[in-house]
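# structure of the sequence below:
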Amino acid sequence: MLYATDTIAPPSPPAETMLAPAVTYLRVSTKEQATKGGHDEGFSIPAQRGANHAKADTLGASIVKEFVDAGESAKKADRPALREMIAYVKAHKVAYCIVHKVDRLARNRADDVEIHLALREAGVLLVSATENIDETPSGMLLHGIMSSIAEFYSVNLANEVMKGLVQKASTGGTPMRAPIGYRNTLHRDDLGREVRGITQDPDRARLVKWAFTAYASGNYSLAQLRTELTKKGLRSVPTPKRPARPLGLSSVHRMLQNPYYKGDVVYRGVRYDGAHERLVEPEIWYQVQSVLRAHAQSGVRTQKHDHYLKGTLYCGRCRQRMTIIHAKNRHGNIYPYFICLGRNNKRTTCDMPYAPVDRVEKLVADYYRRITLTPAMTDALRGMLTHEFDQLTAGTNQSIRDLTERRKQILAEQDKLLEAHLADALSLDQLKKFQTRLRAELDGIEAQIAEHHNDYQGARALIDGALDLARDFAKIYERCDEQNKRLANQTFFTRIYLNEGGTLTADTAAPFATILDENTKQQALTWAEARSSSDEESDAVTRDLFLQARVTTSLIECARGDLNPHALIRALAPQASASTYSATRALGVGPSRPAVRSFSNQEKTLPPTTVPDES
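Coordinates of the predicted model:
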């Protein structure tokens, strides 16, 4: 008889330490995916985790470490969790690295090879939870194919997204985050589709408007403007991770340079007419750019001892800038002097004497009187330059006639097509096809006519404005306040030199350098004498042709003076039109700028025109 004296214990499950150690890598591309649905990890990461754990069970492995990159693109290998994982498998014994798909690890072949090589050197086998890849030849082939597919998908998706953003910009949309003063909006239309738009920020838009208007006046430096905006309460837009805070100096500078505020959208270097409501009128925006350039060129820095000649006045001996010092005599009286920075900072051996500020101010006012054009000289220059310009543009008469004639033909063809459609001789699709082709040709013709017209009108307006200023140099400067004197000096001169003996010389800015050139003035007098014997006036045929073409001046962009081959006209082209316009508006002289619009959505950037050497 047998007796059971001991209880047989059931077999114990294998210890977890006996399972092969594995690590798992999880990734989503965007922060939105990582927090979708209001969850800390969204939906994708938990789904990848579940699939990877299931794969580990089939391999008889235990996941000892998990690495997660939330909101990191696989187009780059420099990802925090990926770097940490590579370092971990090199320092610890790991059998498997489990990913949901190969594209979670890398989306380009170069990174895939590099990562795979690092894993193999550490003795780690890469495993996909959804793809049959291994170290067999067929598995390696499949791995290479899947990696190439992932790279193709990434590149193709980027191209498609880029095309969509360019199309959005070309129709006036905003393919980027709205700048300060605007807000990105999201709503659904009647069909339930998401519609993203732009609206003005009620809390910040008024402060942005004020910033442009204040800086256009020339009474603020960037630092002063930033201080005032901070006092008025302008703050950046808060985000979940970053609270609202005052704008930095560079942020204010970028804001003032951004053409978005005048209604333009710039995307990938191309400028489009935006559909959003502009915060700033184009005239104010252009004046702000003039003030920014003037301050940058002259090195203006508003400091304790400020003066409207600082940044423009230079030492005639060593060519260094001159600054202001305040000297005090034994009675406590303070006297301001201009002093050469080369001498003051001992950068040069210059020993230019100190110059009393009031004496220099008088010298500059006297210099304006000396260079002011007489009425007779102004008329002679205006007549000669206008005549030369009309002679040059007369050569375009035939091309304008041809373009105008073809324009009439296209309009007649469009009328005939419409009549054929109404008579059921042409389907709607056929009508659209023909009208689209004719419309494209008509747009091209109108753009060419507008360009010719614009060259004529823009250059003529600039000539008249510059001559009006040159005729009234002394009167204008005399009635200016200090800020407008600074603007006048920066507009008319690049540098003013104070020489020994109390004399002044100056480097005149374009286009005034050509107008005030002695050779140009002599040519104008000779031309006027030759014309005085005749009652002929400038030929107006070109202007008449433009008017017959029915192109509206207010819809045309600024002049393209670089297309004009004549030296005098090229020198007077709108290379300096922004600063000249700013001066004429601020000083109350000269023509006003026409509204800036174009026939095309894209605005081409033209190379700057250089001033020829007339010597």
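# buried sites along whichever strand or helix holds Leu256?
Assigned by DSSP states H and E, Leu256 belongs to helix 249-257. By 16 or more other CB atoms under 10 Å, the buried positions in helix 249-257 come out as 252, 255-256. For glycine as for every other residue, the C-beta is placed from the backbone atoms N, C-alpha and C.
# now, among those, which is nearest to Asn219?
Leu256 (14.3 Å; CB to CB).
# my guess is Asp112 meets Leu105, correct?
Yes. Between Asp112 and Leu105 there is a contact under CB atoms under 8 Å: 6.8 Å.
# which is the next helix or strand following the strand or helix carrying Lys65?
Per DSSP H and E, Lys65 falls inside strand 61-70. Per DSSP H and E, the first helix or strand lying C-terminal to strand 61-70 is helix 80-91.
# any low-confidence regions in the stretch 101-250 of the chain?
Where the stretch 101-250 of the chain drops to pLDDT under 70, the residues are 134-136, 138-139, 143, 147, 150-151, 153-155, 157-158.
# how far is the helix or strand where Ala56 lies from where the chain is centred?
According to DSSP H and E, Ala56 maps onto helix 44-59. How far helix 44-59 lies from its chain's middle: 47 Å, per CA atoms, centre = their mean, to the nearest Å.
# what helices or strands is the lengthiest helix in the chain leaning on?
Longest helix in the chain by number of residues (criterion: DSSP state H): helix 428-471. Helix 428-471 makes packing contacts with helix 375-393, helix 397-422, helix 512-515, helix 541-548, helix 577-587 when contacts are defined by 3 or more CB pairs under 8 Å, 6 or more residues apart in numbering; DSSP states H and E.
# worst mean pLDDT among the ones you listed?
The stretch with the lowest mean pLDDT among these is helix 541-548, at a mean of 39.
# and the angle for the longest helix of the chain with helix 375-393?
Angle, helix 428-471 to helix 375-393, by axes from the mean of the first three to the mean of the last three CA atoms, to 10 degrees: 150 degrees.
# quick one: name whatever helix or strand follows helix 428-471.
Once helix 428-471 ends, the next helix or strand along the chain (criterion: DSSP H and E) is helix 473-479.
# buried residues of that next one, list them for me.
473-474, 476-477.
# what average pLDDT does that helix get?
Per-residue scores along helix 473-479 average to 87.
# which residues touch it?
With contact meaning CB atoms under 8 Å, 6 or more residues apart in numbering, helix 473-479 is reached by 364-365, 368-369, 371-373, 469, 485, 488, 492, 587, 589.
# do me a favour and get the end-to-end distance for stretch 259-273?
10 Å (CA to CA, to the nearest Å).
# show me what the helix or strand harbouring Trp527 is packed up against.
Using DSSP H and E, Trp527 maps to helix 518-532. For helix 518-532, the helices and strands in contact under the criterion 3+ CB pairs under 8 Å, 6+ apart are helix 375-393.
# ok, for Asp264, nearest residue in space, not its chain neighbours?
Of all residues not flanking Asp264 in the chain, Arg271 sits nearest, at 5.2 Å (CB to CB, 6 or more residues apart in numbering).
# now swap in Gly316 and tell me
Asn499 is the one closest to Gly316 (CB to CB, 6+ apart), at 3.5 Å.
# and the one you found, what's its pLDDT?
Looking at Asn499, the pLDDT reads 92.
# list the beta-bridge partners for it.
Thr503 (DSSP bridges).
# please name the residues that touch it.
316-317, 505 are the contacts of Asn499 under CB under 8 Å, 6+ apart.
# of these, closest to Lys90?
Of all these, Lys90 sits closest to Arg317, with 67.8 Å by CB to CB.
# can I take it that that closest one is in a helix?
No. Counting by DSSP: H, G, I helix; E, B strand; the rest coil, Arg317 is not part of a helix but coil.
# what count of nearby residues applies to it?
Other residues lying near Arg317 total 18 when counted by other CB atoms under 10 Å.
# care to break the protein down by domain?
Split into domains by automatic domain parsing, the chain comes to 16-168, 182-298, 374-587.
# got the ones you listed as a markdown table, with distance to Arg347 columns?
Listed next are the domains of the chain as a markdown table, based on distance: least, CB to CB, whole Å:
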| stretch | distance to Arg347 |
| --- | --- |
| domain 16-168 | 45 |
| domain 182-298 | 19 |
| domain 374-587 | 18 |
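# hang on, the earlier thing: got the CA positions of the helix holding Leu256 in CSV?
The C-alpha trace of helix 249-257 is given here as CSV (Å, rounded to 0.1, in the frame of the first residue of the first chain):
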residue,chain,number,x,y,z
LEU,A,249,14.0,94.9,-29.0
SER,A,250,14.6,92.5,-31.9
SER,A,251,10.9,91.6,-31.9
VAL,A,252,9.9,95.2,-32.2
HIS,A,253,12.4,95.7,-35.0
ARG,A,254,11.0,92.6,-36.9
MET,A,255,7.4,93.9,-36.3
LEU,A,256,8.3,97.3,-37.9
GLN,A,257,9.8,95.5,-40.9
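# one step back: quick check, pLDDT for the residue nearest to Asp264.
pLDDT, Arg271: 79.
# how near is it to Arg196?
According to CB to CB, to the nearest Å, Arg271 stands 21 Å off from Arg196.
# the two - which one has more neighbours?
Arg271 (18 against 12).
# summarise which helices and strands the one helix or strand the more buried one maps to is packed against.
Secondary-structure element containing Arg271, defined by DSSP H and E: strand 270-273. In this structure, strand 270-273 makes packing contacts with helix 137-170, strand 264-267, judged by 3+ CB pairs under 8 Å, 6+ apart.
# which parts of it are buried?
Using 16+ other CB under 10 Å as the test for burial, strand 270-273 gives 271-273.
# only the buried residues of the next helix or strand after it, if you could.
Using DSSP H and E, the helix or strand that follows strand 270-273 in sequence is helix 282-298. Going by neighbour count (16+ other CB under 10 Å), the buried part of helix 282-298 is 282-291, 294-295, 298.
# give me the helices and strands touching helix 282-298, please.
Against helix 282-298 (3+ CB pairs under 8 Å, 6+ apart) you get helix 205-216, helix 249-257, helix 482-492, helix 577-587.
# can you do 6 Å?
helix 205-216, helix 577-587 (3 or more CB pairs under 6 Å, 6 or more residues apart in numbering; DSSP states H and E).
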